[in-house]
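> sequence unavailable; structure follows:
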């Protein structure tokens, strides 16, 4: 029996460093490890290198059996070289932007990404003609990725999965609906979900919202958490030197919804209240903003805290994440958003077994994930005193004499969130759907090896 053929569609795929790239990487590797033939449709490397930021070493983590095809994608709104602009854009930039937006929306209701639909659909049909596709998994956002699945479903009856790593009609940070059901987006979303074999959501609040919005599709909605890819190797764990200052660390993308200023205010307060925090350093790692160029406002917040031991040391390659965590004594988890926001980083944080200080917008869903983690030290609100108290408690935890036992207990708790354990039930169900027996006869292996 031939291996089932998966067509996986993701705009952000290695070497992209955009949100969701690790979910995409883990998913294709999990399917490949389970014996599927995997073809990926994604954007050109140059888009990530020139606009969003790239991590070239991520490509080395893609399973060698995966066939990656880069589909032409044009993003003129992000073109900053004036020499490449048409004369009329230079002379009439607002008119150009209006016309371009209308062109983007002509074939699909998503500004900037709409025109990619035609390229995706042609590529999906070409892949299917070369070697029949048994299943399509399209991960959003951008939402245009779903069009490869809807096109193959309509043309050849191929089943498809919509993987919502975010949401389309729901603004996950505010909790407000962004698009009415009878809008162009609402109609497209209803169409894509109605035809989907499965719909994946990253947490239970998002599943509930979508189930209420699309009750006829509720039975096909499943929670597939982001999870983490691997444990921090045990030989990298360390016990803090009692004579050395503690190292607090943050790893992740920092945007304007991250309570960075609130953390800085709490850090200042903590230094005044706790000798351990006063002697400690706080290292921030990751991108400042969504793009390769650091956001000026965020950079100013970090620079303004330089006198308190806060430093920004830039992004970290996926291949260096474990070593980066191993250099920290306490992790800083800063996140904005409400009941629909968890992030993927929270799972990776827990896998280390280190103390975690959370500075979250009240009501943030990440708190539900952290609940039960034995080394969690939450700030109950964003006031300086609340953040300072959490920092002091985490410092005491890091200095505790039974640190190795605490770390082992915390890592045991986190093991349920391994990404392969999140994916395997869905992969098994989809194998049964396409009528293929498991090639390995066992659950998928660790998803990034």
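Right, received. Where do you want to start? Quick caveat, the model's predicted, so the values are computed rather than measured.
> tell me which residues of stretch 98-111 are tucked away?
The neighbour-count check on stretch 98-111 (16 or more other CB atoms under 10 Å) flags 100, 104, 105, 108, 109, 110 as buried. For glycine as for every other residue, the C-beta is placed from the backbone atoms N, C-alpha and C.
> the third one reaches residue 184, doesn't it?
Right, the one you point to is residue 105. Yes: between residue 105 and residue 184 there is a contact under CB atoms under 8 Å: 7.5 Å.
> for the helix or strand of the chain with the lowest mean pLDDT, the distance to its chain's centre please.
Scoring the helices and strands of the chain by mean pLDDT, DSSP states H and E places helix 87-91 at the bottom, with a mean of 81. Relative to the chain's own centre, helix 87-91 is displaced by 37 Å; criterion: CA atoms, centre = their mean, to the nearest Å.
> packing partners for it?
Judged by 3 or more CB pairs under 8 Å, 6 or more residues apart in numbering; DSSP states H and E, the packing partners of helix 87-91 are helix 93-107.
> which SSE is immediately downstream of the helix it packs on?
helix 116-130 (DSSP states H and E).
> run the chain-centre distance for that next one.
Worked out by CA atoms, centre = their mean, helix 116-130 lies 26 Å from the chain centre.
> which parts of that helix are buried?
Quick answer for helix 116-130 (16+ other CB under 10 Å): 116, 117, 119, 120, 121, 123, 124, 125, 127, 128.
> any chance of those residues in JSON lines, plus pLDDT and distance to residue 260?
Converted to JSON lines, those look like this (pLDDT from 0 to 100; distance: CB to CB, whole Å):
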{"residue": "116", "pLDDT": "94", "distance to residue 260": "33"}
{"residue": "117", "pLDDT": "95", "distance to residue 260": "36"}
{"residue": "119", "pLDDT": "95", "distance to residue 260": "37"}
{"residue": "120", "pLDDT": "97", "distance to residue 260": "36"}
{"residue": "121", "pLDDT": "97", "distance to residue 260": "41"}
{"residue": "123", "pLDDT": "97", "distance to residue 260": "40"}
{"residue": "124", "pLDDT": "98", "distance to residue 260": "41"}
{"residue": "125", "pLDDT": "98", "distance to residue 260": "45"}
{"residue": "127", "pLDDT": "98", "distance to residue 260": "43"}
{"residue": "128", "pLDDT": "98", "distance to residue 260": "46"}
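> and the residues you listed, which is closest to residue 334?
Proximity of these to residue 334 (CB to CB) peaks at residue 116, which lies at 32.6 Å.
> right, and the closest one touches residue 146 too?
No: with contact defined as CB under 8 Å, residue 116 and residue 146 do not form a contacting pair (11.4 Å).
> on that earlier part again, of the buried residues of stretch 98-111, which one scores lowest on pLDDT?
By pLDDT, residue 100 ranks lowest within the buried residues of stretch 98-111, coming in at 81.
> any idea how far that residue is from residue 74?
Separation of residue 100 from residue 74 (CB to CB, to the nearest Å): 10 Å.
> quick one: low-confidence parts of this structure?
Applying pLDDT under 70 to the chain picks out residues 1, 77, 231-236, 292, 436-449.
> strands of that one, residue ranges please.
Here the chain has its strands, by DSSP state E, at 5-9, 37-42, 67-70, 135-140, 160-164, 198-201, 221-223, 247-251, 281-285, 310-312, 330-335, 356-360, 376-378.
> so what strands line up beside the first one?
Put plainly, it is strand 5-9. strand 37-42 (parallel), strand 135-140 (parallel) (DSSP bridges).
> run the angle between the last one and helix 116-130 for me.
Pointing back at strand 135-140 there. In terms of direction (axes from the mean of the first three to the mean of the last three CA atoms, to 10 degrees), strand 135-140 departs from helix 116-130 by 160 degrees.
> setting the sequence-adjacent residues aside, check what's closest to residue 180.
residue 186 (5.5 Å; CB to CB, 6 or more residues apart in numbering).
> same deal with residue 13?
residue 42 (3.8 Å).
> please tell me how far the one you found sits from residue 24.
Applying CB to CB, the value for residue 42 to residue 24 is 8 Å.
> so what sits against both of the two?
Each of 10, 12, 13 lies in contact with both residue 42 and residue 24 under the rule CB atoms under 8 Å, 6 or more residues apart in numbering.
> for the last one, give its distance to residue 72.
Distance, residue 13 to residue 72, using CB to CB: 15 Å.
> domain map for this structure?
5-228+418-434, 234-415 (automatic domain parsing).
> which residues are in contact with residue 107?
Taking CB under 8 Å, 6+ apart as the test, what residue 107 contacts is 114, 115, 117, 118.
> before we move on, the earlier item: now, which of the shared contacts of residue 42 and residue 24 sits nearest residue 365?
residue 12 (22.0 Å).
> run a quick neighbour tally on that closest one.
When neighbours are defined as other CB atoms under 10 Å, residue 12 has 24 of them.
> could you dump the strands of the chain into CSV and include distance to residue 348 and mean neighbour count?
Listed next are the strands of the chain as CSV, based on distance: least, CB to CB, whole Å; neighbours: other CB atoms under 10 Å:
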stretch, distance to residue 348, mean neighbour count
strand 5-9, 22, 26
strand 37-42, 23, 23
strand 67-70, 24, 14
strand 135-140, 19, 26
strand 160-164, 19, 26
strand 198-201, 19, 23
strand 221-223, 18, 17
strand 247-251, 8, 21
strand 281-285, 13, 21
strand 310-312, 20, 19
strand 330-335, 9, 23
strand 356-360, 11, 26
strand 376-378, 15, 22
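> could you dump the ones you listed to a markdown table with distance to residue 19?
Shown next, in a markdown table, are these (distance: least, CB to CB, whole Å):
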| stretch | distance to residue 19 |
| --- | --- |
| strand 5-9 | 16 |
| strand 37-42 | 15 |
| strand 67-70 | 19 |
| strand 135-140 | 11 |
| strand 160-164 | 13 |
| strand 198-201 | 16 |
| strand 221-223 | 19 |
| strand 247-251 | 14 |
| strand 281-285 | 16 |
| strand 310-312 | 20 |
| strand 330-335 | 13 |
| strand 356-360 | 18 |
| strand 376-378 | 24 |
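> what's the closest non-adjacent residue to residue 251?
Nearest non-adjacent residue to residue 251, counting by CB to CB, 6+ apart: residue 285, 4.7 Å away.
> distance check, that neighbour against residue 10.
24 Å.
> kindly report the same for residue 199.
Residue 199 is 16 Å from residue 10, by CB to CB.
> next one: residue 404
39 Å.
> who has more neighbours out of the two?
residue 10 (28 against 13).
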